[in-house]
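A.B. asks: Just the structure for this:
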Amino acid sequence: MSQSPERDIQDKKQEEVFDLSNINVVTKYRTAADIANAALTHVIKLCVPSANISEICAAGDKFILAETAKIYKSAKIEKGIGFPTCVSVNNVIGHFAPAPGDAATIKENDLVKIDLGVNVDGFVAVVAHTLVVQGAEPKPVTGRTADVILAAHTAAEVALRSLKIGKKNNEVSELISKATAEFKCNPVVGVLSHQMTRFVIDGPKVILNKADVENKVDSVDFEVNEVYAIDIVVSTGEGKSREADERPTVFKRQAEESYQLKMKASRSTYAEIKKKFPVFPFNTRDVEEKTKHMGIIECVGHNLLHPYPVLKERDDELVAHFKFTALLMPTGTVKITGLPFDASKYSSEFKVTDETVKAVLNTSSGPKNKKKKKPAKKDKKDATTADDEDE
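C.D. replies: Numbers count the residues shown, from 1 in each chain. Just a heads-up that it's a prediction; the model follows:
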């Protein structure tokens, strides 16, 4: 005797797979990526001399919320910001999204890093991009500014081409170091590229931006249907980050932690955060003003919230940042976030000479496309045609 239609539907829901073998999951990642790329383009246009950084970050988040509000209107799914918009300048490594009223602005010739993410039903696409802000008559970027941008972009390209099913995470870390060394730059220590799954942007499989004695991770293989946020951060200096004096504004709720908060303001603040930002990072500008600062301090003190501190290199150094989301499909790796990069805008005295790095850069960065089998000719009974694969 067959079970009821209601039970059939319930069983199908329980059996639903939330990885890339599910076409609906792929669609949601791609939808999030399209919005992330559009948001990045929008923020880049706002990065002009004298622009206020706090206002740019708020505008980036507003754009993401407006675009995600247009999709899946009939479905009750979570959507919006996967990571708040951050705009970090020159030696600032990341997580700079100052509070409303902050006076920090962009100046002509500043090296600017934009970092953001978009969530669609728990599937997040992240992206980061580096540019130099110029006036009405742009000139080729030279010197150490060009070196660090080209180093970071080259490292991102070798990472993409090395992110293949069956390869190992430590192989990617080694290539990142080799690529940046070609431009006399260093990967920033402590930066991690993470595997991502539904509602998780910092999964267990990681790739070190730079491996050293103090920073080691288990060797893991990349597997089919996995998703990664590849995070490349490169410095003209030693690549050692320091916490800046600026107060953090980006936090993430630690859902696995619990504590009975003492202050009424803390309980009120945490209740709002739990409701509005249950999983993904948020900017404190989006939390009600009622003594939120004191409430957040107590929450952080008891591990209910994880802060993303503003990180810096030495004042006289420069930092470049590229991040992209990649899907490990059965046919190969697909990069779904990131904007085109015009290397002709950057002039460096250095170039890639390492044979290992050159060999990787000469491989394909996209999936393989199978050609259809050609029909065998009638006059050659034994003739067969193998599948050809294009890189």
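A.B. asks: For the rest of this, base every contact and every neighbour count on C-alpha atoms.
C.D. replies: Will do.
A.B. asks: can you pull out the helices in the stretch 151-300 of the chain?
C.D. replies: Here the stretch 151-300 of the chain has its helices, by DSSP state H, counting those that start in this stretch, at 169-181, 264-276, 292-301.
A.B. asks: Could you dump the ones you listed into a markdown table with distance to Glu355 added?
C.D. replies: As requested, the helices of the stretch 151-300 of the chain are exported to a markdown table (distance: least, C-alpha to C-alpha, whole Å):
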| stretch | distance to Glu355 |
| --- | --- |
| helix 169-181 | 10 |
| helix 264-276 | 50 |
| helix 292-301 | 47 |
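A.B. asks: Any idea how far stretch 279-299 is from the middle of the chain?
C.D. replies: Distance of stretch 279-299 from the chain centroid (C-alpha atoms, centre = their mean, to the nearest Å) equals 23 Å.
A.B. asks: Thr27 and Val124: what is the separation?
C.D. replies: Distance, Thr27 to Val124, by C-alpha to C-alpha, to the nearest Å: 12 Å.
A.B. asks: and among the helices of the stretch 151-300 of the chain, the most buried is which?
C.D. replies: Stretch with highest mean neighbour count among these: helix 169-181 (a mean of 22; mean count of other C-alpha atoms under 10 Å).
A.B. asks: what sits up against it?
C.D. replies: Helix 169-181 is contacted by residues 151-152, 154-156, 158-159, 162-163, 186-187, 206-211, 219-222, 234, 352, 354, 357 when judged by C-alpha atoms under 8 Å, 6 or more residues apart in numbering.
A.B. asks: can you do 7 Å?
C.D. replies: 151-152, 154-155, 158-159, 162, 186-187, 207-211, 219-221, 357 (C-alpha atoms under 7 Å, 6 or more residues apart in numbering).
A.B. asks: what does stretch 240-253 give?
C.D. replies: With C-alpha under 7 Å, 6+ apart as the contact definition, stretch 240-253 has outside contacts at 95, 97-99, 188-189, 278-284, 304-313.
A.B. asks: What residues of it count as buried?
C.D. replies: Lys240, Ser241, Pro248, Thr249, Val250, Phe251, Lys252, Arg253 (16 or more other C-alpha atoms under 10 Å).
A.B. asks: any idea how far it is from the chain center?
C.D. replies: In terms of C-alpha atoms, centre = their mean, the centre of stretch 240-253 is found 17 Å from the chain centre.
A.B. asks: okay, that stretch in CSV with CA atoms only?
C.D. replies: Output in CSV follows, covering the C-alpha atoms of stretch 240-253 (Å, rounded to 0.1, in the frame of the first residue of the first chain):
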residue,chain,number,x,y,z
LYS,A,240,52.1,40.5,9.2
SER,A,241,48.8,42.0,10.3
ARG,A,242,48.2,44.1,13.4
GLU,A,243,44.9,45.1,15.0
ALA,A,244,44.2,48.8,14.3
ASP,A,245,42.9,51.4,16.8
GLU,A,246,39.6,51.6,15.0
ARG,A,247,36.7,50.0,16.8
PRO,A,248,35.3,46.9,15.0
THR,A,249,31.9,47.4,13.4
VAL,A,250,31.6,43.9,11.8
PHE,A,251,30.5,41.0,14.0
LYS,A,252,29.2,37.5,13.6
ARG,A,253,26.9,35.7,16.1
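A.B. asks: Where does the prediction get shaky in the chain?
C.D. replies: Applying pLDDT under 70 to the chain flags residues 1-15, 290, 369-391.
A.B. asks: Any idea which of the helices of the stretch 151-300 of the chain gets closest to Ala103?
C.D. replies: Nearest to Ala103 among those is helix 292-301 (19.3 Å), distances taken as C-alpha to C-alpha.
A.B. asks: Test of understanding: give the bridge partners of Ala128.
C.D. replies: For Ala128, the beta-bridge partners are Asp115, Lys323 (DSSP bridges).
A.B. asks: How much space separates it from Glu214?
C.D. replies: 26 Å.
A.B. asks: got the domain boundaries for this structure?
C.D. replies: What automatic domain parsing lists as the domains of the chain is 17-243+315-366, 250-305.
A.B. asks: Please identify the most buried of the ones you listed.
C.D. replies: Highest mean neighbour count among the domains of the chain (mean count of other C-alpha under 10 Å): domain 17-243+315-366, with a mean of 20.
A.B. asks: Run the chain-centre distance for that domain.
C.D. replies: Centre-to-centre, domain 17-243+315-366 and its host chain are 5 Å apart (C-alpha atoms, centre = their mean).
A.B. asks: Stretch 297-308 now?
C.D. replies: On C-alpha atoms, centre = their mean, the centre of stretch 297-308 falls 23 Å from the chain's centre.
A.B. asks: tell me how far the ends of it are from each other?
C.D. replies: 13 Å.
A.B. asks: picking that back up, among the contacts of helix 169-181, which lie within strands?
C.D. replies: Within these, residues falling in strands by DSSP state E are Asn186, Pro187, Ile207, Leu208.
A.B. asks: before we move on, back to that, can you list the buried residues of stretch 240-253 in JSON lines and add distance to Cys299?
C.D. replies: Below are these laid out as JSON lines (distance: C-alpha to C-alpha, whole Å):
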{"residue": "Lys240", "distance to Cys299": "28"}
{"residue": "Ser241", "distance to Cys299": "25"}
{"residue": "Pro248", "distance to Cys299": "14"}
{"residue": "Thr249", "distance to Cys299": "14"}
{"residue": "Val250", "distance to Cys299": "13"}
{"residue": "Phe251", "distance to Cys299": "11"}
{"residue": "Lys252", "distance to Cys299": "11"}
{"residue": "Arg253", "distance to Cys299": "9"}
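A.B. asks: Fine, thanks again, bye for now.
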